[in-house]
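J.: missing the sequence, but the structure's below:
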């Protein structure tokens, strides 16, 4: 074992974690940044399209804070946390300047920042980075690598390949954390008064996902097991335009803003029969429409098609050159060919419940990025994820700097760590069974029967975990990862049962209508004496 004392421990090596760590370090803290994989090359930021919606008011802009707010609330089906929306809009205009200061290069057309319009937005407000020198599938490195370089330059201590498995508390307050250093096969004990959770969402608890392998609900499980309150865990967003073959790639949704549209397997356009906005509808509506076309027999081997053939060639080559180059390697030309796509798990709207300073219900525990719930309501507006990571990463880092330094931290019992052992069950089989169950019963279309079946299978998998073989540090890490995935799927199922309506990304076939009288608010989740409790709070205006 190795003991490390630090003013602040930031968990997560993507955009939110790096931003929080930099903000706190710039304000004088001794900061340690730890990641399950490699800092700057882990988490969903690296596979993100780099599109970030930013409020840019002014004489040359059609945008206003009120317009952006209404777009965000409309996408979130009016249950977004009002305080978080306000903080987000206040912080949004400063994103471009902050990122440029850290060395991020934003794409321009001429001498102006290039703006795109994504579905759900009333105007073009999505900025993107210049990722022309990077592989298209990891273009998010254009964000994380400059941030990482800045973090290294200012002296932030960085620990790679060390998943955190437990938060340590003393008298109900954060006192540290426990991690497993995979490379050195050590247990790391952190003594710190402040922890920022920025380890992303939980997309990999589903078998069909565009998330990176390390996104398994760790933020949620660490907070939940420590006794923190979570919220909105039933709301999981499924990205409509994922290509799995002939190449696996997320097809950029701003293509719809340029004039692309969907066709079913019969060659028919269909979105306008599902929503007046047609192919500019939000992701929840588009995903269900695609899913419905397939289950009613109008798909093609489970796929729907994106049609970009009416777009001017200059638009494709000018705004999406990297995508064109990648597709060309698979012998696809969007100006001539239909692109086969299907939905995939993309983003969690729910997460740790925090206040406007990023503080959770546990003193000393803060969170930011996809680890947090509230801003997006029932469905995230495209382009708001990276913006959220930067805005609330700065907020959490700033707030952490106002807390006490790492002096006189009380010692805490780290508890037991799962021992190495032989077993009859393979961890890989349990993980795959859990992911298939989640996709089958807790994804795009839900109902009580599906969810109860999921809960029964989750119970079976958890029971089998006690007979799993653990023979190496990698098995040990997998063991705790599956435990995290089990907790996350339980929270999704619990919220899915509790919300007896359809709203945003949560659709129940047995309650297909939205019920504002009964469910215009949020469900909150907490562990109380070892049991999962659920509490409903109607939305408060503000």
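T.: Right, received. Where do you want to start? This one's a predicted model, so the numbers in the text were calculated from it and none came from an experiment.
J.: For the rest of this, base every contact and every neighbour count on C-alpha atoms.
T.: Will do.
J.: neighbours of residue 314, just the number please.
T.: 10 (other C-alpha atoms under 10 Å).
J.: Ok, residue 408 next?
T.: Neighbour tally, residue 408, other C-alpha under 10 Å: 9.
J.: From residue 389, how far off is it?
T.: 32 Å (C-alpha to C-alpha, to the nearest Å).
J.: ditto for residue 78
T.: Plainly put, residue 78 is 21 Å away from residue 389 if you go by C-alpha to C-alpha.
J.: just residue 355 next, same as before
T.: The separation that residue 355 has from residue 389, given C-alpha to C-alpha, amounts to 15 Å.
J.: Residues in contact with stretch 84-94: which ones?
T.: In this structure, residues lying in contact with stretch 84-94 by C-alpha atoms under 8 Å, 6 or more residues apart in numbering are 54-56, 65, 68-69, 355-356, 374-375, 387-388, 391-392.
J.: Greatest separation within the residues you listed: which pair is it?
T.: Using C-alpha to C-alpha, those span at most 25.3 Å, a distance reached by 56 and 355.
J.: Now residue 474: closest residue in space, sequence neighbours ignored.
T.: Distances taken as C-alpha to C-alpha, 6 or more residues apart in numbering put residue 182 closest to residue 474, at 7.0 Å, once the chain neighbours are dropped.
J.: pretty sure that neighbour contacts residue 162?
T.: Yes - Residue 182 lies in contact with residue 162 (C-alpha atoms under 8 Å); the separation is 5.8 Å.
J.: out of those two, which sits in the busier spot?
T.: Neighbour count, other C-alpha under 10 Å: between residue 182 and residue 162, residue 162 has more, with 24 against 19.
J.: Hmm, that one is touching residue 39, no?
T.: No - counting by C-alpha under 8 Å, residue 39 is not a contact partner of residue 162; they are 10.3 Å apart.
J.: just to revisit the earlier point, flag the least confident of the contacts of stretch 84-94.
T.: When those are compared by pLDDT, residue 56 scores lowest at 90.
J.: more neighbours, residue 355 and residue 389?
T.: Neighbours per residue, other C-alpha under 10 Å: of residue 355 and residue 389, the larger number sits with residue 389, 28 against 15.
J.: Any figure for the gap between the more buried one and residue 20?
T.: Per C-alpha to C-alpha, residue 389 is found 9 Å from residue 20.
J.: If you count neighbours, what's buried in stretch 464-481?
T.: Neighbour-count burial for stretch 464-481 flags 464-465, 468-470, 473, 475-481 (criterion: 16 or more other C-alpha atoms under 10 Å).
J.: and that stretch, how far from the chain's centre?
T.: Distance, stretch centre to chain centre, for stretch 464-481: 25 Å (C-alpha atoms, centre = their mean, to the nearest Å).
J.: what does it rub up against?
T.: 163, 165, 180, 182, 185, 216, 218, 418-427, 430.
J.: before we move on, what about stretch 157-170?
T.: The contact list for stretch 157-170, computed with C-alpha under 8 Å, 6+ apart, reads 11, 31-39, 152, 174-183, 222-223, 225-226, 410-414, 477, 480.
J.: PyMOL command to pick out the buried ones of those?
T.: Selecting only the buried entries of those in PyMOL, with 16+ other C-alpha under 10 Å as the criterion:
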select buried, resi 11+31+32+33+34+35+36+37+38+39+174+175+176+177+178+179+180+181+182+222+223+225+226+477+480
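J.: In strands only, show me the contacts of stretch 157-170.
T.: 11, 31-34, 174-181 (DSSP state E).
J.: For the residue nearest to residue 474, give its distance to residue 417.
T.: For residue 182 relative to residue 417 (C-alpha to C-alpha), the value is 14 Å.
J.: so who does the closest residue in space to residue 17 that isn't next to it in sequence touch?
T.: Nearest residue to residue 17, sequence neighbours excluded (C-alpha to C-alpha, 6+ apart): residue 198, at 5.0 Å. With contacts defined as C-alpha under 8 Å, 6+ apart, the neighbours of residue 198 are 10-14, 16-17, 219, 367-371.
J.: try it again with 10 Å
T.: 10-20, 34-35, 43, 218-219, 366-372, 389, 393, 396 (C-alpha atoms under 10 Å, 6 or more residues apart in numbering).
J.: thinking again about what came up before, and the ones in strands among the contacts of stretch 157-170, which two are furthest apart?
T.: Spanning the widest gap among these are 174 and 181, at 21.0 Å by C-alpha to C-alpha.
J.: just checking, the residue nearest to residue 474 touches residue 36?
T.: Yes - the criterion here is C-alpha atoms under 10 Å, and residue 182 meets it with residue 36 at 9.1 Å.
J.: List phi and psi for residue 79.
T.: When read as degrees, to the nearest 10, the backbone of residue 79 gives phi -120, psi 20.
J.: Tell me, what's the model's pLDDT at it?
T.: Residue 79 is given a pLDDT of 98.
J.: give the contact list for it.
T.: 73, 232, 374-379, 503-504, 516, 519-522, 538-541.
J.: Helices - which of these land there?
T.: When the contacts of residue 79 are checked against helices (DSSP state H), the matches are 73, 516, 519.
J.: Which of the residues you listed are buried, as a PyMOL select command?
T.: Command for PyMOL, covering only those of the ones in helices among the contacts of residue 79 found buried under the criterion 16+ other C-alpha under 10 Å:
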select buried, resi 73+519
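J.: Name the nearest of the ones in helices among the contacts of residue 79 relative to residue 437.
T.: Among those, residue 519 lies closest to residue 437 (C-alpha to C-alpha), at 26.7 Å.
J.: Compute the distance between that closest one and residue 494, please.
T.: Distance, residue 519 to residue 494, by C-alpha to C-alpha: 15 Å.
J.: per-domain residue ranges of the protein.
T.: For the chain, automatic domain parsing gives the domain ranges 2-235+346-400, 239-343, 427-538.
J.: Of the ones you listed, which stretch is the most buried?
T.: Most buried of these by mean neighbour count (mean count of other C-alpha atoms under 10 Å) is domain 2-235+346-400; its value is a mean of 22.
J.: Name the residues that touch stretch 135-143?
T.: Residues contacting stretch 135-143 (C-alpha under 10 Å, 6+ apart): 14-15, 40-51, 99, 102-106, 128-134, 147-148, 248-250, 321-326, 386.
J.: Which members of those residues occur in strands, if any?
T.: Short answer: the contacts of stretch 135-143 in strands (DSSP E) are 249, 250.
J.: out of the contacts of stretch 135-143, which are inside helices?
T.: Among these, the members found in helices (DSSP H) are 15, 99, 147, 148, 321, 322, 323, 324, 325, 326, 386.
J.: Just give me the least confident of the residues you listed.
T.: residue 322 (87).
J.: excluding its backbone neighbours, what's nearest residue 119?
T.: Here the nearest residue to residue 119 in space, its sequence neighbours aside, is residue 280; by C-alpha to C-alpha, 6+ apart that works out to 4.6 Å.
J.: which residues in the stretch 101-250 of the chain form helices?
T.: All helices of the stretch 101-250 of the chain, identified by DSSP state H, counting those that start in this stretch, fall at 141-153, 218-226.
J.: In TSV: those, plus distance to residue 351.
T.: Listed next are these as TSV, based on distance: least, C-alpha to C-alpha, whole Å:
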stretch	distance to residue 351
helix 141-153	23
helix 218-226	6
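J.: can you tell which of those is closest to residue 340?
T.: That would be, of the helices of the stretch 101-250 of the chain and by C-alpha to C-alpha, helix 141-153, which comes in at 26.3 Å.
J.: Contact partners for the residue lying closest to residue 246 once chain neighbours are set aside?
T.: Nearest residue to residue 246 in three dimensions, chain neighbours excluded: residue 330, at 6.3 Å (C-alpha to C-alpha, 6+ apart). Taking C-alpha under 10 Å, 6+ apart as the criterion, residue 330 is in contact with 245, 246, 247.
J.: so what pLDDT did the first one get?
T.: Translated: residue 245. Note for residue 245: predicted pLDDT of 91.
J.: Surely it touches residue 301?
T.: No - look at residue 245 against residue 301 with C-alpha under 10 Å: they stay out of range, at 11.2 Å.
J.: list residues touching both of the two?
T.: Common contacts of residue 245 and residue 301, defined by C-alpha under 10 Å, 6+ apart, comprise residue 340.
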